[in-house]
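Asker: sequence below, structure please.
(2 chains)
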Amino acid sequence: MDPVNEKIRDYIVATWLSGDSRGFDDESDLQESGILDSFSTLALIAFLDEAFRIQLEPVEVNAGTFRSVSTIAKLVRAKAALPPPVQ
Amino acid sequence: MMRLDRLVTPFATRTPDHHAIEGDETLTYAELDALANRFARVFLAHGVHPGDRIGIHLPRSGRGVAAALGALRAGAVFVPLDPLSPPARIALIARDCGLRQAVISPPLLAGWLAHAGQELPEHFFLSAEAPALPAPTQVHPWSEVRHADGSPIAPTGDNSDELAYILYTSGSTGVPKGVMLSHRNALAFVHWAADRIALSQADRVASVAPFHFDLSVFDLWGSLSRGSTIVIVDEPTVTSGRRMLDRIHSGRISVWYSVPSALALMLSGGLIERGASSLRTILFAGEVFPVKHLSRVMAAVPHARFFNLFGPTETNVCAAYELLAPVQPDESAIPIGRATCGDVLSILDPERRPVGDGETGELFVDGPTLMLGYWHGGRRTVAPRPYPTGDLVSRRSDGELMYHGRRDHLVKIHGFRVELGEVQSALLSHPAIQEAIVFAGDQTLTAVVVPSDVSLCVLDIKRWCAERLPRYMIPSEVRLVSDLPRTSSGKVDHVGTRAGLLAGTLPRPLWPTPQ
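Answerer: The predicted model follows:
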């Protein structure tokens, strides 16, 4: 299990799924499932800043990069220059 | 000037090259006027009758404003539809008011066709070039509008008491309800506001609020009534304080009207460091502005005048207003002020007797901005006069009104009206939900749900809501419980449920441990 994915997933499950991780995985669509809107996106950006010390530019935050846990993790790794996910 | 659709024409003659709207596309007053005539002609050519409803379903743009003007010039009524709402909710609204035609952006049409079943407007007019889509109704390409005759069109109506537009807001029974506003309702506010803040041709007015939200009546029609320029601040920009400030600077915006949340967001986006020197007037409405944030915004833009506007959509943007003196961070609350544009405000007790100074009662409004009535469940109802707003207020000895909350289950989430009943209805329509109660917290909603099937998970519930409700109505927290506290008569105990929620003592259902 990749620690970056895990940290992001745990945060989302705790914050917007009331701790219920059933049915949720790294590919779950965060927009379609009503988890991310403009305000929760702001909270998530603040969390990524705190957890990974990365400052996202507005252009980096869009429906593509914030689609799922795995797309966010990919963005985080690219920004923080972290190694690719552990297989 | 008795009709909204006549506002633009004098400027199309006097200042044809002055910008009416700047956004992805810039339209001058002459271009906006001609495009409105083109829209009116295609609506009429495809059989729109006086009083028919035309939906405007596209991101905020000059074309959207031209389509609204065109609908009015064709004698029809325009219905702005939220481009961010799920198609299922848009379909409910379309059915409720019997939309005859709609102007729509190509991506939104695709969503509508995929979800809305067979009940579609007879004609869709695309707002941009796009490949043809197979549709069980008539879809007209953008070129049909663009090539239509833009010369002046004979006015179709002159009665200012006719319905001009319908703004759909949250409905307590689960179906959104339409607030019907006339030309007179709109113009009473528009002229009052433009005079009060001395709006002129030199002003550059931000368009921040969605067109289906009543704040936009000021941005759009107020600007057009004085030959000012509307500067579109698009949806992605509104979610970032920094981007909003960039837009204020690059767009040289002089007048800004939004919900307080957007202004508070600018504080974290660098408002204090960068200032906003072009702004001369800031208006806000829709929710209570925490004084600690407001005082910082006022200090960062010391040269601007600040107005607090107050009132429900039913009184067309606002019924009361206050020009604010600089506030201190330790002040407890700011007044909502006094009556606008000739409205009569009374504060009454439950027996409809006036209350004394300092006593709290319900705010009742009568006057020129009061809506015609509701369009709801396919029927029209006439507004009661005076209209009970559901807002609890008191009058200070100096005559200023103070706000004390709501009498009912209507809450505001980031300025948007939410009837808790609408959210509850959406939850209860899920086949695996037995009971649901929704509570409002600080800008968030919490749902307490009793599932009838233990396999129901929070993700399923969120997804179900996302298909039926706008984003701001989706409960951010969903608590699954096995049972709800009851009163001695067996009814659900709302107070007990709320207490249990806060204390974390509500019984959890047993669900299989995830593998």
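
Asker: tally up the residues packed near residue 32, please.
Answerer: You didn't pick a chain, so chain A it is. 14 (other CB atoms under 10 Å in any protein chain shown). In this view, the C-beta of every residue, glycine as well, is placed from N, C-alpha and C.

Asker: hmm, I had chain B in mind actually
Answerer: 24.

Asker: residues in contact with the strand or helix carrying it?
Answerer: According to DSSP states H and E, B:Leu32 maps onto helix B:29-45. When contacts are defined by CB atoms under 8 Å, 6 or more residues apart in numbering or on different chains, helix B:29-45 is touched by residues B:5, B:8-9, B:11-12, B:15-21, B:27, B:54, B:62-63, B:65-67, B:69-71, B:73-74, B:76, B:101, B:103, B:125, B:140, B:144-146, B:148-153, B:227.

Asker: buried set for it?
Answerer: If you call a residue buried by 16 or more other CB atoms under 10 Å in any protein chain shown, then helix B:29-45 has these buried ones: B:29-44.

Asker: go on, stretch A:2-17?
Answerer: For stretch A:2-17, by 16+ other CB under 10 Å, it's A:Asp2, A:Val4, A:Asn5, A:Lys7, A:Ile8, A:Arg9, A:Tyr11, A:Ile12, A:Val13, A:Thr15, A:Trp16, A:Leu17.

Asker: sorry, back to before: distance between the helix holding B:Leu32 and the chain's centre?
Answerer: Chain-centre distance of helix B:29-45: 25 Å, with CA atoms, centre = their mean, to the nearest Å.

Asker: who are the packing partners of the next helix or strand after that helix?
Answerer: Using DSSP H and E, the helix or strand that follows helix B:29-45 towards the C-terminus is strand B:53-57. Where contact means 3 or more CB pairs under 8 Å, 6 or more residues apart in numbering or on different chains; DSSP states H and E, strand B:53-57 is packed against helix B:62-73, strand B:77-80, helix B:87-97, strand B:101-104.

Asker: rank those by mean pLDDT and give me the bottom one.
Answerer: Mean pLDDT is lowest for helix B:87-97 out of these, coming in at a mean of 91.

Asker: right, is it up against chain A?
Answerer: No: applying CB under 8 Å from any CB of the partner chain, one finds helix B:87-97 separated from chain A by no less than 12.6 Å.

Asker: contacts for that helix, please.
Answerer: Counting by CB under 8 Å, 6+ apart, B:53, B:55, B:57, B:79, B:81-82, B:99, B:102, B:111-112, B:114-117, B:119-121, B:166, B:168, B:175-176, B:178, B:375-378, B:467-470 sit against helix B:87-97.

Asker: any low-confidence regions in chain A?
Answerer: Low-confidence segments of chain A, defined by pLDDT under 70: A:83, A:85-87.

Asker: residue in it nearest to chain B?
Answerer: Relative to chain B, the nearest point of chain A is A:Gly34 (3.0 Å; CB to the nearest CB).

Asker: assign that residue to helix, strand or coil.
Answerer: coil (DSSP: H, G, I helix; E, B strand; the rest coil).

Asker: so for the residue nearest the centre of chain B, what's the pLDDT?
Answerer: In chain B, the residue lying closest to the centroid (CA atoms, centre = their mean) is B:Phe213, at 1.5 Å. Note on B:Phe213: pLDDT of 93.

Asker: coming back round to it: export the helices and strands packed on strand B:53-57 to TSV and tack on distance to B:Leu265 and mean neighbour count?
Answerer: As requested, the helices and strands packed on strand B:53-57 are exported to TSV (distance: least, CB to CB, whole Å; neighbours: other CB atoms under 10 Å in any protein chain shown):
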stretch	distance to B:Leu265	mean neighbour count
helix B:62-73	24	28
strand B:77-80	24	25
helix B:87-97	26	20
strand B:101-104	30	27
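
Asker: can you list the ones you listed in TSV and add distance to B:Ile474?
Answerer: Formatted as TSV, those follow (distance: least, CB to CB, whole Å):
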stretch	distance to B:Ile474
helix B:62-73	25
strand B:77-80	21
helix B:87-97	12
strand B:101-104	24
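
Asker: are any of the contacts of helix B:87-97 buried, and which?
Answerer: Burial by neighbour count, 16+ other CB under 10 Å: within these this picks out B:53, B:55, B:57, B:79, B:81-82, B:99, B:102, B:111-112, B:116, B:120-121, B:166, B:168, B:175-176, B:178, B:375-376, B:467-470.

Asker: pretty sure the residue nearest to the centre of chain B contacts B:Lys412?
Answerer: No: applying CB atoms under 8 Å, one finds B:Phe213 not in contact with B:Lys412, separated by 11.7 Å.

Asker: I'd like to know how many residues surround the closest residue to B:Asp219 other than its chain neighbours.
Answerer: Spatial nearest neighbour of B:Asp219, excluding adjacent residues (CB to CB, 6 or more residues apart in numbering or on different chains): B:Ser207 at 4.4 Å. If you count neighbours by other CB under 10 Å, B:Ser207 ends up with 27.

Asker: so B:Ser207 makes contact with B:Leu220?
Answerer: Yes: if you go by CB under 8 Å, B:Ser207 and B:Leu220 touch, sitting 6.7 Å apart.

Asker: got any residues that touch both of the two?
Answerer: Joint contacts of B:Ser207 and B:Leu220 (CB under 8 Å, 6+ apart) are B:Ile230.

Asker: what residues does chain A have near chain B?
Answerer: Counting by CB under 8 Å from any CB, chain A sits next to chain B at A:16-18, A:20-24, A:28, A:32-35, A:37-42, A:58.

Asker: same thing but 7 Å
Answerer: Contact residues (CB under 7 Å from any CB of the partner chain) of chain A with chain B: A:16-18, A:20-24, A:28, A:32-35, A:37-39, A:41-42, A:58.

Asker: from the residues you listed, which land in helices?
Answerer: Using DSSP state H, A:Trp16, A:Ser38, A:Phe39, A:Thr41, A:Leu42 are the members of the residues of chain A next to chain B that sit in helices.

Asker: how many residues are close by the last one?
Answerer: Meaning A:Leu42. Residues contacting A:Leu42 under the criterion other CB under 10 Å number 16.
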